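Asks: Build me a model from this:
(one chain, ligands or ions: 1)
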Amino acid sequence: MAKRDSQSIVTRSELEGMLRDETAGPKATPLSLLAEITYGFSHKQKIGQGGSAVVYQGILQKGNVAVKSLSNPYVHEKEFKREVECLMIAKHKNVVRFLGYCADTQGRAEKYEGEFVIADVQQKLLCFEYLPKGSLDKYITGRIIGMQNFF
Ligand SMILES: Nc1ncnc2c1ncn2[C@@H]1O[C@H](COP(=O)(O)OP(=O)(O)OP(=O)(O)O)[C@@H](O)[C@H]1O
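Replies: Numbers count the residues shown, from 1 in each chain. Just a heads-up that it's a prediction; the model follows:
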């Protein structure tokens, strides 16, 4: 039987374990798992949107994760690799925990200039621990009163 190393792809129960184990480092996470826990990246699971990503809440049995889909097709391979590299290094109590990454190319059937084609669609996703108290900017700009509730 093939030996699974620390870089091997995680399963749902391993992701649950990583959430509990603060020492666990980020791992390659399959698109199918991220799709499953966000109910197919459903609109209901959407928790935020930034300049380059749409963020979904992923539901696990004991705890939640935030799944960031870098939807912008102009996020290049090199930039994505750099982001993953930086996130892997950034380990600090004040920095949200990075749990996993997914870079996958899928063929999507569509019509292009009247022709039926299979287009390569690049999926770039990042998985973090879920922080339930919303975005820090709401507290900074005073849209939520009482900074003491944040910490
Ligand atoms: N780990 C998380 N837990 C809970 N909510 C999150 C998490 N990460 C992001 N969000 C939500 O999603 C929103 C968008 O995330 P974020 O600003 O990180 O996206 P981005 O596109 O990477 O940002 P940028 O605009 O800097 O490129 C945040 O404002 C927040 O509401």
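
Asks: Poorly predicted segments of this structure, please.
Replies: The model of the chain has pLDDT under 70 over residues 1-8, 71-75, 142-151.

Asks: try 80
Replies: Residue ranges of the chain with pLDDT under 80: 1-9, 71-76, 105-108, 119-122, 134-151.

Asks: residues from it in reach of the ligand?
Replies: 47-53, 55, 66, 96, 128, 130-131, 134-135 (C-beta under 6 Å from any ligand atom). Backbone N, C-alpha and C define where each C-beta goes, glycine included.

Asks: between those residues, which is nearest R20?
Replies: Nearest to R20 out of these is Y130 (C-beta to C-beta; 13.4 Å).

Asks: And the buried ones among the residues of the chain next to the ligand, selectable in PyMOL?
Replies: Command for PyMOL that selects the buried part of the residues of the chain next to the ligand, burial taken from 16 or more other C-beta atoms under 10 Å:
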select buried, resi 47+53+55+66+128+130
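
Asks: what two of the residues of the chain next to the ligand are the furthest from one another?
Replies: The span of the residues of the chain next to the ligand, defined through C-beta to C-beta, is set by G51 and Y130 at 20.3 Å.

Asks: Filter the residues of the chain next to the ligand down to the ones in strands?
Replies: 47-49, 55, 66, 128 (DSSP state E).

Asks: Would you mind extracting the C-alpha trace of stretch 35-49 into PDB?
Replies: Output in PDB follows, covering the C-alpha atoms of stretch 35-49 (Å, rounded to 0.1, in the frame of the first residue of the first chain):
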ATOM      1  CA  ALA A  35     -17.700  22.000  -2.900                       C
ATOM      2  CA  GLU A  36     -19.300  19.400  -0.600                       C
ATOM      3  CA  ILE A  37     -18.900  21.500   2.600                       C
ATOM      4  CA  THR A  38     -20.100  24.700   0.900                       C
ATOM      5  CA  TYR A  39     -23.100  22.900  -0.700                       C
ATOM      6  CA  GLY A  40     -21.700  23.500  -4.100                       C
ATOM      7  CA  PHE A  41     -20.500  27.100  -3.400                       C
ATOM      8  CA  SER A  42     -24.200  27.900  -2.900                       C
ATOM      9  CA  HIS A  43     -25.300  31.600  -2.500                       C
ATOM     10  CA  LYS A  44     -26.600  30.800   0.900                       C
ATOM     11  CA  GLN A  45     -23.100  30.000   2.100                       C
ATOM     12  CA  LYS A  46     -21.600  33.200   0.800                       C
ATOM     13  CA  ILE A  47     -20.200  35.200   3.700                       C
ATOM     14  CA  GLY A  48     -18.200  37.900   2.000                       C
ATOM     15  CA  GLN A  49     -16.500  39.300  -1.100                       C
END
